[in-house]
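> I would like the atomic coordinates for the input below:
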Amino acid sequence: MTRTLDLTDPATGEVSGTSPVASESDVDNALQAAAQAFAVWRRSTPAQRQLALLKIADALEARAPEFAGLEVRETGKIRSVVLDEEIPECVSALRFFAGAARHLEGTAAGEYAPGHTSVIRREPVGVCAQIAPWNYPLMMAVWKIAPALAAGNTVVLKPAETTPSTAVLLARVAAEFLPDGAFTVLTGDRDTGRALVKHPITALVSITGSTRAGIDVATVAAADLKRTHLELGGNAPLLVFPDADLAATAEGIVGAAFYNAGQDCTAGSRVLVHESIHDDFVASLAKVAAAQTPGVDFGPLNSAAQFSRVEGLISRLPSHARLETGGTRFGSRGYYFSPTVVSGLRQDDEIVQEEIFGPVITVQSFSDEAAGIALANGVPYGLAASVWTRDLGVAARVSAELDFGCVWVNTHGPLVAEMPHGGFGHSGHGKDLSAYAFAEYTRVKHVMTRFA
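Okay, the predicted model is just below:
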């Protein structure tokens, strides 16, 4: 009998359904089918792959309300945000990679040894095992499958155990336009994911998740020298300088910190403010944050476990910390957490060093540019950061010194399909989106011919 997991609606805390746990034999069957499909899909033309991805994008767009309903049920997200922001971004990414399939460039052929002509081939890697997170179940599934399929690979995707339904629907929609086995979704738990990673057919493993999960995947993959693509945790610093538009900056930071209830690896949760404006800015930030309403402006935390984690970080605040607003459960149902601002923190405090993944903003002060950069870079993560200033010189100097894969100036959070997303250090390696992500799913072959 197939083992199942309960699915919980985080807006109510009540069970909303069940999901099967794929066994090792299910994993083997899916990967065997993906290997057979790879023999066909790898030989498809770029135009054929483009057309398939465009059709998947059109079908997703046409069935947006159905996708949104499943996404909202399992994440508690605000429905209008899913429909107006997240699903259009999914469609955009599919269409971008559809175009990328026909624009794979390489080194020109040439004679680098007398009498021999060299050609560089870009080829698909093979069967890709992909593991998606629970914070953006549909979007992250699209970010993973689109470049992999565009490059001619086949995919077995495991969604997060708490949010599998949109990935399952995506696979059903895509099946009409792809060879059998080219894209399969397996639901399950960590053991399911581990079986995918260690299977000998798997050629590349991609995961978006916590740093702990990424290390686990990399360790298992290393035993068979599999390629890995790791998009892991983040702890983004936002440096606010005295010349910034403070009112607009407070609004921008709250939006960046509380989007998706702060459950975002790029969430603008770690604010660093110049000491000359610290007190005024904290007051402004707390006022804007307190005006946010859970359930209206952002949804609940994903699960009881995530709620407990955020609540624990607040309960363990050191005595020198000041809770400016929030810090408590919101309402009596579901996993809503009140918008929270904490000031008076030091660099070695747990809540500063750890990724929060909740609607919480921490605030520290800095004395000068060098001190601000040191605080910003003083965490193990290196995914995203932002600089808030009207001085172009400050923006250029500081953005160059920040050790993060994406740096924004006077904004925080916007991503586009044409530009890469990915980090350094404990935030992993590899890029999502853009031509850089497309290249991640290819291998380079040199072919040299001697013409007699």
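> Give me the buried positions along stretch 227-236.
227, 228, 229, 230, 231, 232, 233, 234, 235, 236 (16 or more other Cβ atoms under 10 Å). From N, CA and C alone the C-beta is placed, and that goes for glycine too.
> which regions of the stretch 1-150 of the chain lie under the pLDDT threshold?
1 (pLDDT under 70).
> Going along the chain, name the helices of it.
Per DSSP state H, counting those that start in this stretch, the stretch 1-150 of the chain carries helices over the ranges 24-41, 46-62, 64-75, 79-81, 87-100, 137-150.
> out of the ones you listed, nearest to residue 252?
Evaluated with Cβ to Cβ, these place helix 79-81 nearest to residue 252, the distance being 17.1 Å.
> I would like the residues contacting that closest one, please.
Contact with helix 79-81 is made by 68, 69, 72, as judged by Cβ atoms under 8 Å, 6 or more residues apart in numbering.
> Confirm that residue 312 sits in a helix.
Yes - under DSSP: H, G, I helix; E, B strand; the rest coil, residue 312 falls within a helix.
> Could you measure from it over to residue 21?
28 Å (Cβ to Cβ, to the nearest Å).
> Settle it for me: which of the two has more neighbours?
More neighbours surround residue 21 than the other of residue 312 and residue 21, with 17 against 10 (other Cβ atoms under 10 Å).
> My guess is that one contacts residue 4. True?
Yes - counting by Cβ atoms under 8 Å, residue 21 touches residue 4, with 6.5 Å between them.
> Output the below-cut-off pLDDT ranges for the stretch 201-350 of the chain.
In the stretch 201-350 of the chain, no residues with pLDDT under 70.
> now the strands for it?
Per DSSP state E, counting those that start in this stretch, the stretch 201-350 of the chain carries strands over the ranges 204-208, 227-231, 237-240, 270-274, 322-325, 340-343.
> Outside of the third one itself, which residues are in contact with it?
Residues outside strand 237-240 that contact it (Cβ under 8 Å, 6+ apart): 246, 249, 253, 256, 268, 270-274, 277, 281, 366, 372-373, 375-377, 379, 385-389, 398, 402, 404, 412.
> Now intersect the residues you listed with the helices, please.
Members of these lying in helices (criterion: DSSP state H): 246, 249, 253, 256, 281, 372, 373, 375, 376, 377, 398.
> what's the most distant pair in these?
246 and 377 (24.1 Å).
> related to what we said a few turns ago, JSON lines for the ones in helices among the contacts of strand 237-240, including neighbour count?
Output for the ones in helices among the contacts of strand 237-240, formatted as JSON lines (neighbours: other Cβ atoms under 10 Å):
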{"residue": "246", "neighbour count": "17"}
{"residue": "249", "neighbour count": "26"}
{"residue": "253", "neighbour count": "27"}
{"residue": "256", "neighbour count": "25"}
{"residue": "281", "neighbour count": "25"}
{"residue": "372", "neighbour count": "26"}
{"residue": "373", "neighbour count": "22"}
{"residue": "375", "neighbour count": "19"}
{"residue": "376", "neighbour count": "26"}
{"residue": "377", "neighbour count": "16"}
{"residue": "398", "neighbour count": "23"}
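> and of these, the nearest to residue 25?
Each of the ones in helices among the contacts of strand 237-240 was checked against residue 25 using Cβ to Cβ; the closest is residue 256, at 44.4 Å.
> Next one: the nearest residue to that closest one once chain neighbours are set aside relative to residue 111, how far apart?
Closest residue to residue 256 apart from its sequence neighbours, by Cβ to Cβ, 6 or more residues apart in numbering: residue 268 at 3.3 Å. According to Cβ to Cβ, residue 268 and residue 111 sit 53 Å apart.
> cool, residue 179 as well?
39 Å.
> Have a look at those two and say which one is more surrounded.
residue 179 (18 against 11).
> what's the helix or strand for the more buried one?
Assessed by DSSP states H and E, residue 179 sits outside every helix and strand.
> Might one say that it is in contact with residue 38?
No - the pair residue 179 / residue 38 is not scored as a contact, 9.0 Å apart, by Cβ under 8 Å.
> what sits opposite residue 127 in the beta ladder?
Residue 127 has these beta-bridge partners by DSSP bridges: residue 154.
> who touches it in this structure?
When contacts are counted by Cβ under 8 Å, 6+ apart, residue 127 touches 31, 34, 35, 38, 153, 154, 155, 156, 201, 202, 203, 204.
> mind giving me JSON lines with the buried residues of stretch 227-236 and columns for distance to residue 57?
Below are the buried residues of stretch 227-236 laid out as JSON lines (distance: Cβ to Cβ, whole Å):
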{"residue": "227", "distance to residue 57": "27"}
{"residue": "228", "distance to residue 57": "27"}
{"residue": "229", "distance to residue 57": "22"}
{"residue": "230", "distance to residue 57": "26"}
{"residue": "231", "distance to residue 57": "22"}
{"residue": "232", "distance to residue 57": "27"}
{"residue": "233", "distance to residue 57": "29"}
{"residue": "234", "distance to residue 57": "28"}
{"residue": "235", "distance to residue 57": "33"}
{"residue": "236", "distance to residue 57": "30"}
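> Pick out the most distant pair among those.
The largest separation in these, counting by Cβ to Cβ, is between 227 and 236 at 27.0 Å.
> Specify the residue ranges that define each domain of this protein.
4-232+425-450, 237-409 (the TED database).
> need those in TSV with distance to residue 417, can you?
Listed next are those as TSV, based on distance: least, Cβ to Cβ, whole Å:
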stretch	distance to residue 417
domain 4-232+425-450	4
domain 237-409	14
